[in-house]
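Participant: Following is a predicted model, sequence given first.
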Amino acid sequence: MAYSSTELTKLLQQQAALNEALTAAREKEARLALIEIVQKMREYDISLNELMGRKPGEQKAEAQPKYRDPVSGATWSGRGRVPHWIAGQDRDRFLVDSESAARQPVQAALFPESR
């Protein structure tokens, strides 16, 4: 049987209570900060795009596939983590020409794979 003192138990309970109070206080502060940010955005007519550093009216462009796996047909835009099928290999072998990349969504819509 493990030894536990009443003083240690009491301190652990106080610590748990303080941790809960700290979490609640942080959540409240975050909510108040968010409310203040939204109010300032409305007051100064700041859009979410402007807040994210984009020019007004500019939308986030979806990355077009730059590389394609000839075996599975999987694609990669060249952004983010390198897929296993291209890692450590000459990427030029997997380049997608822009014309076929533009046709792919249309072909997928017209000729869905039957499974």
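Facilitator: Looks like it came in fine.

Participant: Please name the residues that touch the residue positioned nearest the centre of the chain.
Facilitator: Central residue of the chain (C-alpha atoms, centre = their mean): residue 80, 11.2 Å from the mean position. Neighbour list for residue 80: empty [criterion: C-beta atoms under 8 Å, 6 or more residues apart in numbering]. To be clear about C-beta, it is placed using only N, CA and C from the backbone, and glycine gets the same treatment.

Participant: quick one: low-confidence parts of the chain?
Facilitator: Within the chain, the ranges that satisfy pLDDT under 70 run 1-3, 56-61, 98-115.

Participant: all helices for it, in order.
Facilitator: 6-43, 48-51, 98-110 (DSSP state H).

Participant: Columns distance to residue 67 on top of those, output as TSV?
Facilitator: What follows is the helices of the chain, written out as TSV (distance: least, C-beta to C-beta, whole Å):
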stretch	distance to residue 67
helix 6-43	39
helix 48-51	29
helix 98-110	10
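
Participant: Since that was my last question, I'll sign off now.
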